[in-house]
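K.L.:
Make a model of this:
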Amino acid sequence: MVQLMFQNSLFLDLWIVDLSHNGFVGPLPTKYFNLWSAMVDVDKENTKYWHAYDNYMLNGLIGASPYPYSMTITNKGVKMEYAKVSEIFSAIDLSCNKFDGGIPDVVGSLKGLQLLNLSNNILVGPNPPALGNLKNVEALDLSQNKLVGSIPTQLTQLNFLKVFNASPPPSSNSKGNEDSGLLAE
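P.N.:
From the prediction side, this is the model:
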């Protein structure tokens, strides 16, 4: 269980959490979403990385870009290239487990997230409007769950959202040629 894994450490400064394909069961680990304070906001004024970078620039120690990394994230066979990744890139991938229950509203407090993947679980209930608070999210994958209802209008206010997938799992009576969901790029 997720609770046992995190028992000895709270991982307050995590920027990337990838627990996909682990067979975890039960509800999403809500109490840990509350503790991952590094993902709550990437406000430049409150970020240690930016303060350190500004200090280096003031002292003339570096002339490098604030984007020292690059990475490729593959999600369902779709590669997303991030050519310029700062040290404050933030992602959570809890896909391909057996998490159940609803998506907790606390997920919406992780405003610094750029990628959230909750696909291929057993999540039920509505898509929470709190997801509209993820002001920096670029990829949001809720597919292959049993979520119901309409897509919250708050998601239309997400300026950086490039990929959104909320397609349901294929039904047992599907002929395989029906479009049963939403994938926007």
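K.L.:
CA only for contacts and neighbour counts going forward, please
P.N.:
Will do.
K.L.:
Burial check on residue 78, number of neighbours?
P.N.:
Neighbourhood size, residue 78 [other C-alpha atoms under 10 Å]: 9.
K.L.:
Please name the bridge partners of it.
P.N.:
Taking DSSP bridges as the rule, residue 78 bridges to residue 75.
K.L.:
Walk me through which strands the one helix or strand residue 99 maps to pairs with, and which way each runs.
P.N.:
Using DSSP states H and E, residue 99 maps to strand 98-101. Using DSSP bridges, the strands paired with strand 98-101 are strand 25-27 (parallel), strand 122-126 (parallel).
K.L.:
Looking at these, which is nearest to residue 166?
P.N.:
strand 122-126 (11.2 Å; C-alpha to C-alpha).
K.L.:
Now the closest one: buried residues?
P.N.:
122, 123 (16 or more other C-alpha atoms under 10 Å).
K.L.:
Ok, stretch 34-41 next?
P.N.:
Residues 36, 37, 38, 39, 40, 41 are the ones in stretch 34-41 that count as buried (16+ other C-alpha under 10 Å).
K.L.:
The fifth one against residue 107, yeah?
P.N.:
No. The pair formed by residue 40 and residue 107 falls short of the contact definition of C-alpha atoms under 8 Å, at 9.4 Å.
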